[in-house]
Structure formats: C-alpha cells, structure tokens
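A.B. asks: coords please:
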Amino acid sequence: MTKQYSTVPSVLYTKIDKRPPEIVRSHGNYLETSDGRTIFDASGGAAVACLGHSEPRVKQAIMDQLDQTAYVYSPFFTVPAAEEVATYLTESTNGAMSKVFIVSSGTEAIEAALKMARQYFTELPEPQMQRTKFIARRQSYHGNTLGSLAAGGHKARRAIFEPILASNTSHVSPCYAYRGKKNGESDEQYVALLAAELEHEFQQAGPGNVCAFIAETMCGTTLGCVPAVPGYFKAMKEVCDRHGALLILDEVMSGMGRTGTFHAWEQEGVVPDLQTIAKGLGAGYAPVGALLVGSRVADALAGGTGSFTHSQTYQGHPIACATACAVQKIIKEDNLLENVRVQGEYLGQLLNERLGGHKNVGDVRGRGLFWALEFVKDKTTKEPFPVEAGIAQKVHLTGLQKEHSVSVIPGVGVADGRNGDIIQIAPAYNGTKADIEEIVRRVEGVVKAVFGE
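C.D. replies: Numbers count the residues shown, from 1 in each chain. Predicted structure coming up:
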C-alpha cells in the first residue's frame, strides 16, 4: 500500500477530529514521530512494553512461529507454544494455579474469569445456582466490554452505558490510604473497617448469592498505582472464605513482574482463586492475555462437566503464545525482576526528591516500575482539581511537546470517580539508572511547565 491519506481520516481516533502523533519507528525506550520528534516512552504505552521496543529475540520468535503454524482454532487443536507458556505460568505459582486459558487481551481474561466464577458454583457436587452476584471496588477498572465494565467501578467510564450494564455487581471502597485512611488511624484499623464494609456488602447481597470479590492487586490508571496497606488482601480473602466466595485478582496491569515480583499477589501473602494477566505477558509484541485458574476451581470443572462453557476465535493464538514464551524467557534469563526492584526503588526515590514537595503534587506512590503522581489543587486539604480543568490530559499533552518529549499515562476520577488527576509512569523492565534519571528529569520539566515551579 502506498502512503496516501485522505484529507478526511478513516481511522476512528479517540478524539474523532484529532489525529494523534504518527509513530514511524520505535526502538528501545523511544518512539519516533513523522514530524521528527523522538519521545521517551516512560509509560510503556499502557504499561505494556516491558521490554521496550524492537527487541530482536522476540521478533525472531514470532518469525519462527510463523514458519511453523500461524493459526489453529484452540478448541480443536493445540500447539507447542501454548503448552509451553501455560506450563511456565502454572509453575510460576508453584502449582497453586493449575490451568491457564489464553486469550487476546486483559478484558477478555476478565470476561472469562466472571464466567468461570459463575460456572464453578454450578459444577459443585451440590450446585449453588443462586450465586449470580459479584462485589468489586469503586474507582476500579476491569475492561471495556459490557461485562467487564459492569464489574468495574469507574463512574465516568460507566456513565453513558449504565442503562445497558448488568446490575449484578455492587461496589465497596478501594484500599486507598491517601484519601481513605483517617489521621491517626493505624493500618490495622483501616483494614478492619474495609473488611467490615465488605462483610456488610456480602450480607446485603445475600452471603450465599455472591460468586466472587474482584479487585486489582495493585490499582492501575483509575486510581493510580496504589499499593494495598499491609494485611488488606488477607482480610478480604478471609471474608470471601467465610462466605464460600471466590477471590479474583486482576493483574492485567500490575502482574507479570511490573511491581517487582512475577505475580503482584506474592507481596500480599494471598493466592487468588482466579487471576487475570495480560500486558506484561506479551510486552506489546502480540495481543495476549490469560486467565489463571486455581486448583479448587479447575478440579470442580474436571469433576463436573469437564469443560469450560466459553470460547473465542483467537484464544491460544500460536503467534501470541510464541511471543509470550519469548518475552518471559528474556525476563527470566536477563534477571529483569531484580532490575525492576532496584530501578523501581530508585524511581520512587527520585520522584519523591524532585517532585514530592511540589505544591500541586499531593502524593507520590507506587511499587516496582509502577508509579504515579496525584495532582491536587490544595496540598493541605487534598482538594482535587475539578474534572473540567483537564489536568491529567494537559500534563500528558505537554509531555508530548518537543521540548519535553516524554509519554506518561493520564488518569482521572481518582478522588471520587469524577474528579482527581494522576499521571502514571511504567517504563521498561530493562531500563538503566540513567534511563530512570532521564524520565524523572523530563517529567519534572513537564510538571513545572503545567503548574509552575
């Protein structure tokens, strides 16, 4: 195809009348635009490009798979790459998660998790058909299909679709110490309040009616890289166990090494019944995600109908599986999880030193290579900027200007579902100390350009 564009673009852009920067080449940490800019990709796209861009070993793995098998329909056939990546993933949990269902995105993984949770209760020796409800958290995000959007608790993203969303999910408070924890309140007291709220929600729904509690192990863009306070997930799991409900952990953004351990839940002392992963699984080289199924759930299906009542055309796609295998081999062989921990600690330190005292930076938070800045109108009261001010988007767009040339992820609605702005920083796992310093230098320049010194 020749490079000729109509004066009226055919692509349906996010902003319909505004064409975003056109990327003509990417390499390492950098994106090159058609108008001559070289942008430091400090966000990994949407926390996806964990190996940076144009990694030759992944490209070769894709070519090798194309020479073997480009596509088979997973319900009919399997391929070695699917077997390899699934085995690698179950072994990474020490067998706690015994089955893997490979899909093409995080949203698809969530859809599969919701269906799996429901089917589990119908497969028990004494089926619990009344279990049709889910409990999730406010300011959460689990995907953009109708099912996953209904599970999420982000007001703005749900708003126009509310009339057509399923009503079987209710929402409780997130674990968000910056805004939720009172002055003088201990972590234990805060966790106890959140556990009591979840217990109350189970009672409201009818404790025998809830399939699962679903939460992001570490929140993404709709809350801004918030680590749970110590003991939170253990307390949530205790409530779920008390009522026989499942625990679903969404690690689409935070998993696969992003927070410094292969699975984010390893740092929380719990093992979920179902887990979703995606972004860091294939590092953006192919669309791939997965649902990891705990032994308790897998055994129930094996002892029941012996099948999962769900499938999609591109599940277990050979190219995606080969990509995931290559990415995970590189992460392991290059010892990148250790690098995530070391460089992540340095990133947090520099962000706090250079921007923690800024009058409009209310909070600097994160873990591993997954960090966010929350912007506030008043640092003392934590008053957020109104959504109409468009602060997060302004910071993002300022970053793309030639004098800064850095890409970060904007997020809105963190304070109450509507107001409250963050930017998220999620660089590649193989970044160096110099890369981290360059990111902070550029982000500091952007913040000062938007808000002043």
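A.B. asks: and the gap between residue 106 and residue 275?
C.D. replies: The spacing between residue 106 and residue 275, counted by C-beta to C-beta, to the nearest Å, is 11 Å. Quick note: C-beta positions are derived from backbone N, CA and C, even for glycine.
A.B. asks: what of residue 376?
C.D. replies: To residue 275, residue 376 is 33 Å away according to C-beta to C-beta.
A.B. asks: also residue 453?
C.D. replies: From residue 453 to residue 275 the distance is 44 Å (C-beta to C-beta).
A.B. asks: so residue 318 sits against residue 68, correct?
C.D. replies: Yes: Residue 318 lies in contact with residue 68 (C-beta atoms under 8 Å); the separation is 7.5 Å.
A.B. asks: any residues in contact with both of these two?
C.D. replies: The contact sets of residue 318 and residue 68 overlap at residue 79 (C-beta atoms under 8 Å, 6 or more residues apart in numbering).
A.B. asks: so which of the two has more stuff around it?
C.D. replies: A count of neighbours by other C-beta atoms under 10 Å puts residue 318 above the other of residue 318 and residue 68, at 22 against 11.
A.B. asks: which stretches of this structure have low pLDDT?
C.D. replies: The chain contains residues with pLDDT under 70 at 1-7.
A.B. asks: kindly state the domain boundaries assigned to it.
C.D. replies: The chain resolves into domains spanning 23-54+335-451, 58-334 when parsed by the TED database.
A.B. asks: how long is the last one end to end?
C.D. replies: Same thing as domain 58-334. Using C-alpha to C-alpha, to the nearest Å, the end-to-end distance of domain 58-334 comes to 14 Å.
A.B. asks: let's number from 294 now, not from 1
C.D. replies: All right, first residue 294 from here; so that's domain 351-627.
A.B. asks: now do the helices in the stretch 294-443 of the chain.
C.D. replies: Along the stretch 294-443 of the chain, counting by DSSP state H, counting those that start in this stretch, helices occupy 337-340, 349-361, 373-384, 399-416, 439-444.
A.B. asks: nearest to residue 684, out of those helices?
C.D. replies: Residue 684 sits nearest to helix 337-340 of all the helices of the stretch 294-443 of the chain, at 19.3 Å, using C-beta to C-beta.
A.B. asks: ok, residues contacting that closest one?
C.D. replies: Against helix 337-340 from outside (C-beta under 8 Å, 6+ apart): 343, 513-514, 546, 551, 572-573, 577, 663, 702, 717, 719-721.
A.B. asks: let's see it at 10 Å
C.D. replies: Contacts with helix 337-340, where a contact means C-beta atoms under 10 Å, 6 or more residues apart in numbering, come from 319, 322, 324, 343-346, 399, 513-514, 518, 545-547, 551, 571-573, 576-577, 662-663, 700, 702, 717-722, 724.
A.B. asks: now intersect these with the strands, please.
C.D. replies: Within these, residues falling in strands by DSSP state E are 319, 324, 663, 700, 702, 717-718.
A.B. asks: need those residues in TSV (columns: distance to residue 460).
C.D. replies: Shown next, in TSV, are the ones in strands among the contacts of helix 337-340 (distance: C-beta to C-beta, whole Å):
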residue	distance to residue 460
319	42
324	41
663	32
700	37
702	30
717	30
718	36
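A.B. asks: CA atoms only: put stretch 580-597 into CSV for me.
C.D. replies: The C-alpha coordinates for stretch 580-597 follow below in CSV (Å, rounded to 0.1, in the frame of the first residue of the first chain):
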residue,chain,number,x,y,z
PRO,A,580,-2.2,-9.2,21.7
VAL,A,581,-2.2,-11.8,24.5
GLY,A,582,-3.7,-12.2,27.9
ALA,A,583,-4.7,-15.2,30.2
LEU,A,584,-6.9,-16.4,32.9
LEU,A,585,-5.0,-18.5,35.6
VAL,A,586,-7.4,-20.9,37.3
GLY,A,587,-6.8,-22.1,40.8
SER,A,588,-6.8,-25.8,41.6
ARG,A,589,-10.0,-25.6,43.6
VAL,A,590,-11.9,-24.2,40.6
ALA,A,591,-10.2,-26.4,38.0
ASP,A,592,-10.8,-29.6,40.0
ALA,A,593,-14.5,-28.7,40.3
LEU,A,594,-14.9,-28.4,36.5
ALA,A,595,-12.9,-31.5,35.9
GLY,A,596,-15.2,-33.4,38.3
GLY,A,597,-18.3,-31.9,36.8
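A.B. asks: any idea how far that stretch is from the chain center?
C.D. replies: In terms of C-alpha atoms, centre = their mean, to the nearest Å, the centre of stretch 580-597 is found 20 Å from the chain centre.
A.B. asks: again with stretch 418-434
C.D. replies: Relative to its parent chain, stretch 418-434 has a centroid offset of 21 Å by C-alpha atoms, centre = their mean.
A.B. asks: cool, and stretch 627-640?
C.D. replies: How far stretch 627-640 lies from its chain's middle: 19 Å, per C-alpha atoms, centre = their mean.
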